[in-house]
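Novice: Using only what follows, build the 3D model:
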Amino acid sequence: MRILIVDDDRNIRNLLVDFFGPRGHQVTSSANGSEALETMSRTPIDLVISDIRMPVMDGATLLREIRKAYPGVRVALMTGYYKEPERAISLGADYFIEKPFSISQILAVVEGS
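Specialist: Now for the predicted structure:
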């Protein structure tokens, strides 16, 4: 599976890339939604796992752009802000992941894709 991790927190990006890469997935990462769209224009992606709150372009805007340009791509939005789950689902996210998350939660999203 081709996975794109989008988060302004480098530690989260590195954690997820390091976890999924050795498990046979092609994993890339971006620091914000704008970078993610650039990556997607060059590289086919099956699943995007994105934070909602980021500078430059947030996850909600990224999700809208993905739905327009790449309707078949599955999107999981994640956040640590308690009011965001409803927003993520109302925006059309396929999955919601609450921070702090466990690797098993992220793994369930990837395996469910």
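
Novice: mind checking the backbone torsions on residue 103?
Specialist: Dihedral pair for residue 103: phi -60, psi -30, per degrees, to the nearest 10.

Novice: what about it, how many residues close to it?
Specialist: 11 (other C-beta atoms under 10 Å). No exception for glycine: its C-beta is placed from N, CA and C like everyone else's.

Novice: got it, and residue 23?
Specialist: Residue 23, neighbours per other C-beta under 10 Å, totals 10.

Novice: Other residues contacting stretch 38-53?
Specialist: 1-9, 12, 16, 28, 30, 33, 36, 58-60, 62-63, 66, 69-70, 73-79, 81, 84, 87-88, 97, 99, 106, 109-110, 113 (C-beta atoms under 8 Å, 6 or more residues apart in numbering).

Novice: can you check stretch 10-22 too?
Specialist: 3, 5, 7, 27-31, 49, 51, 103, 106, 110.

Novice: So for that stretch, what gets flagged as buried?
Specialist: Applying a neighbour-count criterion of 16 or more other C-beta atoms under 10 Å, one finds 12-13, 16-17, 19-20 buried in stretch 10-22.

Novice: ditto for stretch 57-77
Specialist: 57-63, 65-66, 70, 73-77.

Novice: go on, stretch 44-51?
Specialist: By neighbour count with 16+ other C-beta under 10 Å, stretch 44-51 contains the buried residues 45, 47-51.

Novice: pLDDT of it, averaged?
Specialist: What stretch 44-51 shows for mean pLDDT is 96.

Novice: do stretch 100-113 as well
Specialist: For stretch 100-113, mean pLDDT rounds to 84.

Novice: Distance from it to the middle of the chain?
Specialist: Taking C-alpha atoms, centre = their mean, to the nearest Å, one finds stretch 100-113 lying 11 Å from the centre of the chain it belongs to.

Novice: repeat for stretch 16-35
Specialist: That offset, for stretch 16-35, works out to 9 Å (C-alpha atoms, centre = their mean).

Novice: how long is that stretch end to end?
Specialist: Stretch 16-35 has its terminal residues 17 Å apart, counting by C-alpha to C-alpha, to the nearest Å.
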